[in-house]
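> quick one, fold the following:
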Amino acid sequence: MSDLPRKAVTRTAKLAALPLGFAGRATWGLGKRIGGRSAELVAREVQQRTADQLFKVLGELKGGAMKLGQALSVFESALPEEVAGPYRAALTKLQEAAPPMPSATVHAVLEERLGEDWRELFLEFEDKPSAAASIGQVHRAVWHDGRNVAVKVQYPGAGEALLSDLTQLSRFARLLGPLIPGMDINPLITELRDRVSEELDYEQEARSQQDHAEEFAGDPDVVIPGVVHQSDQVLVTEWMNGVPLSDVIAEGTPEQRDRAGQLLARFLFSGPARTGLLHADPHPGNFRLLPPDEESGEAGQWRLGVLDFGTVDRLPGGLPQTIGDSLRLTLAGEAEAVYELLREEGFVKDTIDLDPDAVLDYLLPIIEPAQVEEFTFTRSWMRNQAARIADPRSPAHQLGKQLNLPPAYLLIHRVTLSTIGVLCQLGATVRLRDELESWLPGLLLEEEQEPEVQEPTIQDPEVQELEVQELAGEAPLGA
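Numbering: from 1, shown residues only. Down below sits the predicted model:
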């Protein structure tokens, strides 16, 4: 019955062949170089061929291979256009689909987890999956009470495949580094490994999704499908239509792009404040753009649908106030205060001394979107940021190597970077400052926050008359 472990030898062979392929292309590139081609042209050609092979292999496999591919796909904005362009379609495919498992396997899982009479739970069940991803696939169905539902079925052996793939990939993570300038791939793989158990736990995913669904019920901007049923390896939730964010990226109107970008930023920063949870898998395949709610009777705007709560970061107090404090101080240009705060929180280790002004210069370009009322995220802006940090000759690269990322901030950092990557893919113009000021603790000082407007109270007429008499001296005070 197990689909993935049976092919473990084939999977390992395909992954193991990647570094050999990289080495072969490097040798091929050296030959080209000897033949008189410029180093820059040869490097680009080698990089493009390497990227083509990498994402072809990651797309063919499920498990950890595809999981890494999805995580990397949001960073394609950082790649040079001549490299990213040819395989952007492959990246989009990673976000939305993988080869499905056979119907017989799906039926066997449903029978094992829901019982022999599992078909009685559904009025209809579509054998052909509507989506297939890294550890499971989704089937459209009609629940026995008439509700349209999504049935998420976990691949048999998905856990073993995830761990096996990520272990194999970690052995040559440094070879993947040049594909995403400025990013260390190894911590990403380590983090994905550490969260395998969460990803496979559909009970925990159901709880996280339902918490969000209840909090955002009736929200005019964000829609979360409710949980209908959950058992080991099977999760049934309300069905959600809408335009996949990957389609908006490929061919959306400017209005759709901007709206999707604004709501994506709003969900990222409001989620922890409202639910104590951070959705930690923000690739385009997990979002839908939904038309206005016609039932509300309002003109309305497009809404953001959010799927897949298999990976979340638990932040009971919302995002750490340190983030808001450091951003506020950086915007104010207070280099010494920013440096001291970063040192206190462990971003600068006690054994290292850095120039506070240099740290400020390193941070300011990164927070450019928060310095203005609205900012247009573009692939070129992302590429410039990546190049600035990745270039070994730049001061930013040297300083960045000396900064430390405390474990508590690792997932927050990746989610933020991933979201920015999606915003750049959208080319969205976003009022990011508005979302930060609304949801990020510490960004606004208390005196900067809008004062609460006191609603006028309606008093008893006799009490009101007595107060008037007191003010006029016609009645004793406190009567």
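
> which other helices and strands does the host helix or strand of V142 contact?
Take DSSP states H and E as the rule and V142 turns out to sit in strand 136-143. Packing contacts for strand 136-143, counted by 3 or more Cβ pairs under 8 Å, 6 or more residues apart in numbering; DSSP states H and E, involve strand 122-125, strand 131-132, strand 148-154. Quick note: C-beta positions are derived from backbone N, CA and C, even for glycine.

> tell me the most buried of these?
strand 148-154 (a mean of 22; mean count of other Cβ atoms under 10 Å).

> so which elements touch that strand?
Looks like strand 148-154 contacts helix 103-114, strand 136-143, strand 234-238 (3+ Cβ pairs under 8 Å, 6+ apart).

> contacting residues around the shortest one?
Going back to what we said before, that points to strand 234-238. By Cβ atoms under 8 Å, 6 or more residues apart in numbering, the surrounding residues in contact with strand 234-238 are 109-110, 113-114, 141, 143, 147-154, 202, 205-206, 209, 225-230.

> about what we covered before: in CSV: the helices and strands packed on strand 136-143, plus mean pLDDT and distance to H397.
Below are the helices and strands packed on strand 136-143 laid out as CSV (pLDDT from 0 to 100; distance: least, Cβ to Cβ, whole Å):
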stretch, mean pLDDT, distance to H397
strand 122-125, 98, 54
strand 131-132, 78, 39
strand 148-154, 96, 41
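
> make JSON lines from the ones you listed and add distance to V236 to it.
Formatted as JSON lines, these follow (distance: least, Cβ to Cβ, whole Å):
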{"stretch": "strand 122-125", "distance to V236": "9"}
{"stretch": "strand 131-132", "distance to V236": "15"}
{"stretch": "strand 148-154", "distance to V236": "5"}
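
> returning to that earlier point: most packed of the helices and strands packed on strand 148-154?
The most buried one of the helices and strands packed on strand 148-154 (mean count of other Cβ under 10 Å) is strand 234-238, showing a mean of 22.

> can you list the strands that the following helix or strand past that one pairs with?
Where DSSP H and E defines the elements, the next helix or strand beyond strand 234-238 is strand 243-244. Its sheet considered, strand 243-244 pairs with strand 287-290 (antiparallel) by DSSP bridges.

> send the alpha carbons of the strand it pairs with over as PDB?
Taking Å, rounded to 0.1, in the frame of the first residue of the first chain, the C-alpha atoms of strand 287-290 are listed here in PDB:
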ATOM      1  CA  PHE A 287      -3.800  31.200  -0.900                       C
ATOM      2  CA  ARG A 288      -6.800  32.100  -3.000                       C
ATOM      3  CA  LEU A 289      -8.200  35.400  -4.100                       C
ATOM      4  CA  LEU A 290     -12.000  35.300  -3.500                       C
END
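
> who's in contact with that strand?
223, 240-245, 248, 252, 256, 259-260, 264, 302-307.

> what do you get for stretch 326-343?
With Cβ under 8 Å, 6+ apart as the criterion, stretch 326-343 contacts 322, 325, 348, 350, 354, 356-357, 359-360, 363-364, 367, 370-371, 403, 436, 440, 442-445.

> could you pull out the buried residues of that stretch?
For stretch 326-343, a neighbour-count test (16 or more other Cβ atoms under 10 Å) marks 326-331, 335, 337-339, 341-343 as buried.

> and it, how far apart are its ends?
11 Å (Cα to Cα, to the nearest Å).

> can you give me phi and psi for D355?
phi -80, psi 120 (degrees, to the nearest 10).

> average model confidence for whatever helix or strand E198 lives in?
Using DSSP H and E, the element containing E198 is helix 196-200. Average pLDDT, helix 196-200: 79.

> can you pull the buried residues of that helix?
V196, E199, L200.

> of these, closest to I189?
Lowest distance from I189 to the buried residues of helix 196-200 (Cβ to Cβ) belongs to V196, with 11.3 Å.
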